[in-house]
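Asker: take this sequence and fold it.
(4 chains)
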There are 2 protein chains.
Amino acid sequence: MDRLIELVNLAIKISAEEEQIIRSYFEKVEIKNKTELLRQGQKSNQLYFIEKGLIHTYYYHDDKEVTSWFYAEENFVTSWYSFLSQAPSFEYLRALEDTTAHTITYSKLQQLYKECPAFERFGRILAEQNLAFLESYSKGYMFLSAKEKYDLLNATIPDITLRVKLGQIASFLGISQETLSRLRSKK
Amino acid sequence: MDRLIELVNLAIKISAEEEQIIRSYFEKVEIKNKTELLRQGQKSNQLYFIEKGLIHTYYYHDDKEVTSWFYAEENFVTSWYSFLSQAPSFEYLRALEDTTAHTITYSKLQQLYKECPAFERFGRILAEQNLAFLESYSKGYMFLSAKEKYDLLNATIPDITLRVKLGQIASFLGISQETLSRLRSKK
DNA sequence: TTTCTTTTTTGATCTACGTCAAATAAAGGC
DNA sequence: GCCTTTATTTGACGTAGATCAAAAAAGAAA
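Answerer: Coordinates of the predicted model:
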């Protein structure tokens, strides 16, 4: 939780009192590896801040699991589309390692925004940062070769390649397992 | 401007007084077709709300112009990455038709957020909606065939196909002009 | 209309990456 | 350790869409 407060403080200045309010809204949870946190079709009700561990969002395409994103330490995770628009999720959420996180429900978050406008500013900035990042990431993606996509992932989420299996990396990159395997073998 | 106020009111309720404050911050501009509103490398300082007309963001890849997005009526436009993080833009911004818009600078927007917390909530919701949309759009994109990408664009920005030339559509879709032309010819 | 320029279409190849199938290798369970 | 399951690698072949080139069509200028 300390790291979360640090991040908030980095974006906006908050008082000790505000800090206490914010802390009181989050709850610490321990999540076992492979725990399913959300299923497709459900409405995402929880936002997680990862202290330690790894979570991914995924969906099925032609009966095969496709990872849409990996979330490691110091990131907020949920099925963003579902959480933000409170609509059924098109993806699953699952822990890929034993994970320690701090969580808040959608309705409590709205309450917190009302009680603490400074935190609403943080919410805006967080959404804006995510938007700016996703925009530049997805735009740059279009003309990349399989190899370049792989290198970009490694630069964006260091070590991810060592933490999850090849098939999941390949599905995230939108290339076949075989192509990724061949890619890795030569240099 | 009326439509902008309507949209704000749809997301959050605002008082007549707040409405006046918001109105006072925006300025109406007429933009001639082909006007360059931002160049790569510059910092995006203006946010536009399009009342009438069409604007696109684009960049160069292998010396060829690639459209990253088309923005039509009732949308906010800027180079989002650059505007939100106040960093140099990796893309250009240009009018594709004579356009009527309402504009606000970055610093005035920050001022407005301070003067009117209700509008800061609107800013958060707008960023969240954009994020949710972009997330679902880009995730769905990966496994689409050229034809499916074309159909998705038509569903997302109706009529866009009639308003801009084929080469720009193709570059947006990430396919070659020739492929798009062949696609259109059969059915 | 005629001429010049830009855009779109059509045709003939080429290629990165996919798919299918089978061989290894690594990881768990007992 | 040995066996079963799961993950990775390797090989042969197929394909959507790229690229290059040139013809046809549509717009602009005058």
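Asker: could you report the neighbour count for residue A:67?
Answerer: Using other Cβ atoms under 10 Å in any protein chain shown, residue A:67 has 21 other residues around it. To be clear about C-beta, it is placed using only N, CA and C from the backbone, and glycine gets the same treatment.
Asker: OK, contacts around the residue nearest to it when sequence neighbours are not counted?
Answerer: Once flanking residues are discounted, residue A:67 sits nearest to residue A:172: 4.2 Å by Cβ to Cβ, 6 or more residues apart in numbering or on different chains. Going by Cβ atoms under 8 Å, 6 or more residues apart in numbering or on different chains, residue A:172 touches A:66-70, A:153.
Asker: distance of residue A:172 from residue B:102?
Answerer: Applying Cβ to Cβ, to the nearest Å, the value for residue A:172 to residue B:102 is 40 Å.
Asker: how about residue A:89?
Answerer: According to Cβ to Cβ, residue A:89 stands 35 Å off from residue B:102.
Asker: just the helices in chain A please.
Answerer: For chain A, the helices defined by DSSP state H occupy A:2-11, A:16-25, A:80-85, A:106-115, A:117-141, A:146-156, A:160-163, A:166-173, A:177-185.
Asker: can you redo the ones you listed as CSV with mean pLDDT and distance to residue A:56?
Answerer: CSV is the format used below for the helices of chain A (pLDDT from 0 to 100; distance: least, Cβ to Cβ, whole Å):
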stretch, mean pLDDT, distance to residue A:56
helix A:2-11, 95, 21
helix A:16-25, 97, 25
helix A:80-85, 96, 13
helix A:106-115, 97, 21
helix A:117-141, 94, 16
helix A:146-156, 95, 13
helix A:160-163, 94, 10
helix A:166-173, 96, 7
helix A:177-185, 94, 16
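Asker: out of the ones you listed, nearest to residue B:5?
Answerer: For residue B:5, the closest of these is helix A:117-141, at 19.8 Å, according to Cβ to Cβ.
Asker: can you confirm whether the closest one lies near DNA strand C?
Answerer: No: among the residues of helix A:117-141, none lie within reach of DNA strand C under Cβ under 7 Å from any atom of the strand; the closest is 11.8 Å away.
Asker: is that helix anywhere near DNA strand D?
Answerer: No: under the criterion of Cβ under 7 Å from any atom of the strand, helix A:117-141 makes no contact with DNA strand D; the nearest approach is 14.0 Å.
Asker: buried by neighbour count: which residues of that helix qualify?
Answerer: The neighbour-count check on helix A:117-141 (16 or more other Cβ atoms under 10 Å in any protein chain shown) flags A:118-128, A:130-132, A:134-136, A:138-141 as buried.
Asker: winner for burial among the helices of chain A?
Answerer: Ranked by mean neighbour count under mean count of other Cβ atoms under 10 Å in any protein chain shown, the helices of chain A are led by helix A:80-85, which reaches a mean of 23.
Asker: check which helices and strands that helix sits against.
Answerer: helix B:117-141 (3 or more Cβ pairs under 8 Å, 6 or more residues apart in numbering or on different chains; DSSP states H and E).
Asker: mind checking how far the helix it packs on is from the chain centre?
Answerer: Mean-position distance between helix B:117-141 and its chain equals 12 Å (Cα atoms, centre = their mean, to the nearest Å).
Asker: that helix packs against which elements?
Answerer: Counting by 3+ Cβ pairs under 8 Å, 6+ apart, the packing neighbours recorded for helix B:117-141 are helix A:80-85, helix A:117-141, helix B:2-11, helix B:16-25, helix B:106-115, helix B:146-156.
Asker: for the shortest one, output the C-alpha coordinates as PDB.
Answerer: I take that to be helix A:80-85. As requested, C-alpha coordinates have been extracted for helix A:80-85 and formatted as PDB (Å, rounded to 0.1, in the frame of the first residue of the first chain):
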ATOM      1  CA  TRP A  80     -10.700  -1.800 -18.000                       C
ATOM      2  CA  TYR A  81     -13.500  -1.800 -20.500                       C
ATOM      3  CA  SER A  82     -15.800  -3.700 -18.200                       C
ATOM      4  CA  PHE A  83     -14.800  -1.800 -15.000                       C
ATOM      5  CA  LEU A  84     -15.000   1.700 -16.500                       C
ATOM      6  CA  SER A  85     -18.200   1.200 -18.400                       C
END
